[in-house]
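Asks: Model the following, please.
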Amino acid sequence: MNTTLIKNAKIVNEGEIFEGDVLIENEYIVEIAQSISPKSANCKIIDAEGNYLIPGAIDDQVHFREPGLTHKGDIESESRAAVAGGITSFIEQPNTLPNAITQELLEDKYQIAAQKAYANYSFMMGGTNDNLEELLKTNPRNVAGIKLFLGSSTGNMLVDNPESIEKIFSSTKMLIAVHCEDETTIKNNLEHYKEQYGDAIPVACHPLIRSEEACYSSSSKAIELAKKTGARLHVFHLSTAKEMELFTNKIPLEEKQITAEVCIHHLWFSDEDYKTKGNFIKWNPAVKTANDRKVLWEALLDDRIDVIATDHAPHTLEEKSQDYLKAPSGGPLVQHAVVAMFEAYHQGKISIEKIVEKMCHNPAKIFKIENRGFIKEGYFADLVIVNTGLPWNVKKENILAKCGWSPFEGYNFKSRITHTFVNGTLVYQNFKVKEIKAGQRLLFNR
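Replies: Numbers count the residues shown, from 1 in each chain. Predicted coordinates:
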């Protein structure tokens, strides 16, 4: 039996921090107590004194680029970066090549992950204007949900036919996750700036092209339709103050039919950062104003926003270094998301309990993930030790994403992830990922 005893940790779980020990046997947490003695001579002991023990973070939105775009990243490289960043489970999106829009193509991705994933994995089934029949075959027990791009994306994945959208919303009980940006608004804005600048549009125009109105117009329609049809809707990567009026904190999360996510970059950057970061903070939806960021923080803390995720979407340095119109949107974030939120804790913006709620507990609740996201006896031992007094600098040599760059490059974080366990196996320790692919397919209680 493989046993590990974590001693003297500040255990963070369900709104509390308490000092204690956690005993892991094989894949599971078997005991949590103030003091536990080793049960056998070969029990591995880790003294976590002074450090926080949190559940592994669950990232509900990543793009790991496999199959078809593996020059940017792949399941192996990006899940290595994830476990180094304290993310032990990920939900990957369908806009790979080919798009995951049939059951067969979806299952192909699961087969790849079974061989290559360092972290636990699930993949979303992709919706199109004409694949309802395939969507309805999706197994709610072992697939996270259905993803609809209601704004431009890769391949045949823009769902812009109102009848198709309504059919999907009214036909499935599965969680529907949406990217909300109105395509017509974006196209009109783009034409306006092309008239002004030709092809030399400055990147600072990005939040004006992919504007507040483009976001609000799309998300408000999706929410209206979800209310009309009773669909279970999860709105990805919210970026504007205006959209916050669409969400509520008046009911418990378990009763919400409409839930909301914010990403690290929209909490960290603002349009002032385009001057120095340029295309390296070009995301869709765009990073917007300092006021948008402020209101997103308020909504996160008062529970109108339920989840913090990354939308990790790597592109190569060469791709990002092109002119604004050619440079793709997206960037790598899984390795630095948890420590970025701990940085916000150091700045007095958020408590550690709230970080754990939004990055660990709530994704597990929203997707009904089986036995993960909490530090509980009988749960999988997906665990992370964080030292809040061990500063480190992000530099090329310690970036693990295949693309080799980070929007946080040069930043000094005050906290460091020292250990990551996936299913009871120590997969990462002090800047070293062990060559153990311990990830399992996520299962869902539904």
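Asks: my guess is Ile24 contacts Val422, does it?
Replies: No: in this structure, Ile24 is not within contact of Val422 by Cβ atoms under 8 Å, at 11.3 Å. Glycine gets a C-beta too; all of them are placed from N, C-alpha and C.
Asks: Look at the two and report which has more neighbours.
Replies: Val422 (30 against 25; other Cβ atoms under 10 Å).
Asks: Now the more buried one. Nearest residue, chain neighbours left out?
Replies: With sequence-adjacent residues excluded and distances taken as Cβ to Cβ, 6 or more residues apart in numbering, Val422 is closest to Ala438, at 4.2 Å.
Asks: Tell me the secondary structure of that neighbour, please.
Replies: Of the three states, Ala438 takes coil according to DSSP: H, G, I helix; E, B strand; the rest coil.
Asks: Neighbours of it, how many?
Replies: 21.
Asks: wait, doesn't it sit right on Thr420?
Replies: No: at 9.9 Å, Ala438 does not count as touching Thr420 under the criterion of Cβ under 8 Å.
Asks: what residues are shared contacts of these two?
Replies: Val427 (Cβ atoms under 8 Å, 6 or more residues apart in numbering).
Asks: and the residue nearest to Val422, what does it touch?
Replies: Ala438 makes contact with 118, 422-425, 427 under the criterion Cβ under 8 Å, 6+ apart.
Asks: Can you tell me which of these lies closest to Lys39?
Replies: Gly424 (14.6 Å; Cβ to Cβ).
Asks: Skipping adjacent residues, who's closest to that closest one in space?
Replies: Ala381 (4.0 Å).
Asks: Could you pull up the residues touching the one you found?
Replies: 4, 22, 24, 27-29, 421, 423-424.
Asks: again with Asn142
Replies: With contact taken as Cβ under 8 Å, 6+ apart, Asn142 is in contact with 122, 441-444.
Asks: ok, back up a step: so what pLDDT did the residue nearest to Val422 get?
Replies: Looking at Ala438, its pLDDT reads 97.
Asks: Let me see the ranges of the helices in the stretch 201-350 of the chain.
Replies: Using DSSP state H, counting those that start in this stretch, the helices of the stretch 201-350 of the chain run over 206-209, 212-229, 264-268, 274-277, 290-301, 317-320, 337-346.
Asks: Kindly present the ones you listed as CSV, with separate columns for distance to Arg65 and mean neighbour count.
Replies: Output for the helices of the stretch 201-350 of the chain, formatted as CSV (distance: least, Cβ to Cβ, whole Å; neighbours: other Cβ atoms under 10 Å):
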stretch, distance to Arg65, mean neighbour count
helix 206-209, 22, 22
helix 212-229, 25, 19
helix 264-268, 18, 23
helix 274-277, 22, 14
helix 290-301, 27, 18
helix 317-320, 12, 14
helix 337-346, 18, 22
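Asks: Please name whichever of those helices is nearest to Gly73.
Replies: Among these, helix 317-320 sits nearest to Gly73 (Cβ to Cβ), with 11.8 Å.
Asks: Now do the closest one, average pLDDT.
Replies: For helix 317-320, mean pLDDT is 98.
Asks: likewise stretch 326-336?
Replies: 97.
Asks: buried ones in it?
Replies: Within stretch 326-336, the residues that qualify as buried are 327-336, counting by 16 or more other Cβ atoms under 10 Å.
Asks: do the same with stretch 436-446
Replies: For stretch 436-446, burial by neighbour count (16+ other Cβ under 10 Å) applies to 437-440, 442-444.
Asks: Could you do stretch 94-105 as well?
Replies: So stretch 94-105, judged by 16+ other Cβ under 10 Å, has buried residues 94-96, 99-102, 105.
Asks: farthest-separated two in these?
Replies: Farthest pair in the buried residues of stretch 94-105, by Cβ to Cβ: Asn95 and Thr102, 14.1 Å.
Asks: re earlier: where strands are concerned, which of the contacts of Asn142 count?
Replies: Ser122 (DSSP state E).
Asks: farthest pair in the contacts of Asn142?
Replies: Using Cβ to Cβ, the contacts of Asn142 reach their maximum pairwise distance at Arg441 and Phe444, which is 10.3 Å.
Asks: residues bridging contact with these two, i.e. touching both?
Replies: By Cβ under 8 Å, 6+ apart, Arg441 and Phe444 have these common neighbours: 122, 142.
Asks: Tell me how far stretch 360-367 lies from the chain's centre.
Replies: Centroid separation for stretch 360-367 versus its chain: 12 Å, with Cα atoms, centre = their mean, to the nearest Å.
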